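Undergrad: Need a 3D model of the sequence below.
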Amino acid sequence: MLQSAISSISSGINKLRQEGPPDLDEIFKKLGNILRGEKKPSGNSNQTSSKKSSGNGQNVKYWPFALGGTILVIAMWALSGIFIVQPAEHGIILRFGKYSRTVDSGIHWYPRIIETKYVQNVDRVKATSLSTLMLTSGENIVSVAFVVQYKIGNLKNYLFNVINPEKSLKQIVDSAVRQVIGHSQLNQILTKGRAKVRDGVRKEIEILVNRYKLGLTITDVAMQPATAPDAVKSAFDDVIKAREDKVRIENEATSYANRKVPIAQGMAVRILQEAEAQKDKLVLEAKGGIAGFNALLPIYNKHPEATGTRMYLDTISNAMKRSRLVLVDTGKNNHNMFYVPLAGQGMTTGMPMKQYQYMERPPREVAHESAADATQNKMISYLRWQEAQNDAKH
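TA: Prediction:
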């Protein structure tokens, strides 16, 4: 069958060589007549020309169909090279199997057979997980679980640098987790050091992914709560609970301190301000007293006896206002009787000057008792001094 096809092709080629090339003008003219619907001309006048062109007409009567088929095939081939890349996708174009270019989202064209395209979704997030037992730096066995989320970052590296990027990533995750867990303490892995362990694992994974050019981008690394092996799980649970209680109590203490310390600081500031105010008040009163004595000094120098008596009476009067004791001076003869009315107590006998009789008043609330006692002590000291002066004169 193959030999018959080859022989027919050879005979057709020899016949074409003998008859010569076809007349293109005649072909296009006949094609135009066919398209216009005109019939083939007949008559004796055309018999000679039809005889001459009968051989050529038989050969070219299929040329319009061949030309139209060729145009149709070329058009279909050209249209088949049009493709659309979605917004979340990237495309790779290979020319004769070699990387040519990367295309983004939009409408693109490539010549089929000559070039090949690969389109991948680069925004879709994928995940790989790892759950296994590992050894810590303190030679403790702990059960850890990690979930790594990733997406395609470089489509060229993803397709052509590694045969299976997902499998390589899984091996990288296992290696990174063992590296970090092997350099961490058990307490850190189980409690408050989990964030540090997770960040260390992510850093190691990114370093290895970039080193091997997997074309992947790590979006997130999640560490599940680490647990102890089943054989010692109950003991580890107790330890974890104790640590959680410790953290809770510390937080409660911190909260209590945050409530109490500002109040205590405010009270301390208030006490200091009151002390400063009292200090300023006493200083000013002392300065006022000094100014008063300085004003009386010239008068005292002129009339010492009258001025002294007046000062004595003023002092006694001021002291007796707030005192619960009554001091009575009976004079030098000690025979004069003074009656001092006390509310609810009737009458009492006065005592000599040299003998100081202290008589209690009815109990009652007296304001500023400490100040009154201090004033009374000063008054007694002054009376003793005056008595000593009088004794010295006599």
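Undergrad: Could you list the low-pLDDT ranges of the stretch 151-300 of the chain?
TA: Residues of the stretch 151-300 of the chain meeting the criterion pLDDT under 70: none.
Undergrad: Would you map the strands across it?
TA: Per DSSP state E, counting those that start in this stretch, the stretch 151-300 of the chain carries strands over the ranges 216-223.
Undergrad: List the buried residues of stretch 84-94.
TA: For stretch 84-94, the buried set under the neighbour-count rule, 16 or more other CB atoms under 10 Å, comprises Val85, Glu89, His90, Gly91, Ile92, Ile93, Leu94. Quick note: C-beta positions are derived from backbone N, CA and C, even for glycine.
Undergrad: List phi and psi for the first one.
TA: Here is the backbone geometry of Val85 (degrees, to the nearest 10): phi -100, psi 120.
Undergrad: just Tyr312 next, same as before
TA: phi -60, psi -50.
Undergrad: Tell me, what's the model's pLDDT at it?
TA: If you check Tyr312, the pLDDT there is 81.
Undergrad: repeat for Gly344
TA: 44.
Undergrad: Equivalent analysis for His335, please.
TA: At His335, the model reports a pLDDT of 51.
Undergrad: Can you lay out the buried residues of stretch 84-94 as CSV showing secondary structure and pLDDT?
TA: Shown next, in CSV, are those (DSSP: H, G, I helix; E, B strand; the rest coil; pLDDT from 0 to 100):
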residue, secondary structure, pLDDT
Val85, strand, 89
Glu89, strand, 90
His90, strand, 90
Gly91, strand, 91
Ile92, strand, 90
Ile93, strand, 91
Leu94, strand, 91
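Undergrad: how close does Gly200 sit to Asn164?
TA: Remark: distance between Gly200 and Asn164 (CB to CB, to the nearest Å) = 26 Å.
Undergrad: higher neighbour count, those two?
TA: Set Gly200 next to Asn164 and count neighbours by other CB atoms under 10 Å: Gly200 wins out with 19 against 10.
Undergrad: if I look at that one, how far off is Gln171?
TA: In terms of CB to CB, Gly200 sits 18 Å off from Gln171.
Undergrad: for Ile316, same thing?
TA: As judged by CB to CB, Ile316 and Gln171 stand 105 Å apart.
Undergrad: Could you check which of those two is surrounded by more residues?
TA: The neighbour count for Ile316 versus Gln171, taken as other CB under 10 Å, is higher for Ile316 (15 against 12).
Undergrad: Quick one: the helices in the stretch 151-300 of the chain, in order.
TA: Using DSSP state H, counting those that start in this stretch, the helices of the stretch 151-300 of the chain run over 155-160, 165-182, 186-190, 194-212, 233-302.
Undergrad: how about the ones you listed in JSON lines, adding distance to Ile71?
TA: Formatted as JSON lines, the helices of the stretch 151-300 of the chain follow (distance: least, CB to CB, whole Å):
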{"stretch": "helix 155-160", "distance to Ile71": "36"}
{"stretch": "helix 165-182", "distance to Ile71": "44"}
{"stretch": "helix 186-190", "distance to Ile71": "72"}
{"stretch": "helix 194-212", "distance to Ile71": "50"}
{"stretch": "helix 233-302", "distance to Ile71": "77"}
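Undergrad: The ones you listed: which one's closest to Leu130?
TA: Nearest to Leu130 among the helices of the stretch 151-300 of the chain is helix 165-182; the distance by CB to CB comes to 5.2 Å.
Undergrad: mind listing what's buried in that closest one?
TA: Pro165, Ser168, Leu169, Ile172, Val173, Ala176, Val177, Arg178, Val180, Ile181.
Undergrad: isn't Ser131 right up against Ala145?
TA: Yes. Counting by CB atoms under 8 Å, Ser131 touches Ala145, with 4.1 Å between them.
Undergrad: and those two? which has more neighbours close in?
TA: Ala145 (15 against 10).
Undergrad: Name the helix or strand for the more buried one, please.
TA: Element membership of Ala145 [criterion: DSSP states H and E] is strand 141-152.
Undergrad: pull the CA atoms of that strand into CSV?
TA: Only the C-alpha atoms of strand 141-152 are listed here, as CSV (Å, rounded to 0.1, in the frame of the first residue of the first chain):
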residue,chain,number,x,y,z
ILE,A,141,11.3,13.9,74.3
VAL,A,142,8.5,16.2,73.2
SER,A,143,5.7,15.9,70.7
VAL,A,144,5.5,18.9,68.4
ALA,A,145,3.2,19.8,65.5
PHE,A,146,3.7,22.5,62.9
VAL,A,147,1.6,23.8,60.0
VAL,A,148,3.4,25.7,57.2
GLN,A,149,1.5,27.8,54.7
TYR,A,150,3.1,28.8,51.4
LYS,A,151,2.4,30.0,47.9
ILE,A,152,4.3,30.2,44.6
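Undergrad: counting contacts, what elements does it pack onto?
TA: If you count contacts as 3 or more CB pairs under 8 Å, 6 or more residues apart in numbering; DSSP states H and E, strand 141-152 packs onto strand 126-135, helix 165-182, helix 186-190, helix 194-212, strand 216-223.
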